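K.L.:
need a structure here:
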Amino acid sequence: MAGRAYAGCRRQWQLSAPIPQPLGVLVFPVVFEQDRLVGIDAVIDKDRASSLLAWELEADLFLISTGVDQVALDYGTSQEKLLEYLNAEEAQRYLREGQFPPGSMGPKIEAALSYLNRGGREVIITSPERIPEALQGMAGTRIARVTEPAGRRSHVSP
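P.N.:
Residues are numbered from 1 along each chain as shown. The predicted structure is shown next:
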């Protein structure tokens with residue numbers, strides 16, 4: 001079907017269809033019953049679903065819009081450090097260290113890593129208001145599979 005993407009494993013699938021909202025996707029969980037897709041009740045993790053959709057669509061960029069302008073280490077403390085850039089290895093290490101807790105930045109970092117591990121090129125995490133600047137490289141946190149060249153890398157904001 002044109003305009004629809006199917007993604008899933010075993011007998012559970014998600015049917016995703018574009019909706020007329022900026023950056024929006026509507027996701028319906030479905031299962032196969034007697035050779036038909038049937039809707040089911042389920043909780044859909046929007047970050048994971050978006051990561052999978054970005055990968056399935058072969059998107060060059062996966063942008064995660066959230067309530068903060070940048071990802072931070074030691075978030076909410078006097079030691080807070082905003083991050084302009086992370087490579088996947090650093091993001092994974094900080095996630096393991098507990099810097100990105102579940103229910104907060106953790107699911108977004110996990111979704112970013114999932115997209116990158118599948119072969120995606122780049123992830124940006126920022127607030128809706130900063131998306132235009134982030135797309136120009138002037139806001140947000142960029143996460144990529146490899147380290148940026150030394151001249152371009154700007155890891156931690158003051």
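K.L.:
going forward, measure contacts and count neighbours with C-alpha atoms only.
P.N.:
OK.
K.L.:
mind listing what the residue of the chain most remote from its centre touches?
P.N.:
Outermost residue of the chain with respect to the C-alpha centroid, by CA atoms, centre = their mean, is residue 34; its distance is 34.1 Å. Applying CA atoms under 8 Å, 6 or more residues apart in numbering to residue 34 gives no contacts.
K.L.:
Could you give the backbone dihedrals for it?
P.N.:
phi 50, psi 50 (degrees, to the nearest 10).
K.L.:
and residue 157, what pLDDT?
P.N.:
Per-residue pLDDT puts residue 157 at 47.
K.L.:
do the same with residue 42
P.N.:
Reading off the model, residue 42 has pLDDT 76.
K.L.:
For it, which non-adjacent residue is closest in space?
P.N.:
Spatial nearest neighbour of residue 42, chain neighbours left out: residue 29 (6.5 Å); criterion: CA to CA, 6 or more residues apart in numbering.
K.L.:
which is the next helix or strand following the host helix or strand of that neighbour?
P.N.:
Using DSSP states H and E, residue 29 maps to strand 25-33. Scanning forward in sequence from strand 25-33 by DSSP H and E, the next helix or strand is strand 36-39.
K.L.:
got the contact list for that following strand?
P.N.:
For strand 36-39, contacts defined as CA under 8 Å, 6+ apart pick out 28, 29, 30, 31, 32.
K.L.:
quick one: which of these is nearest residue 131?
P.N.:
Taking CA to CA as the measure, residue 131 sits nearest to residue 28 out of the contacts of strand 36-39, at 26.7 Å.
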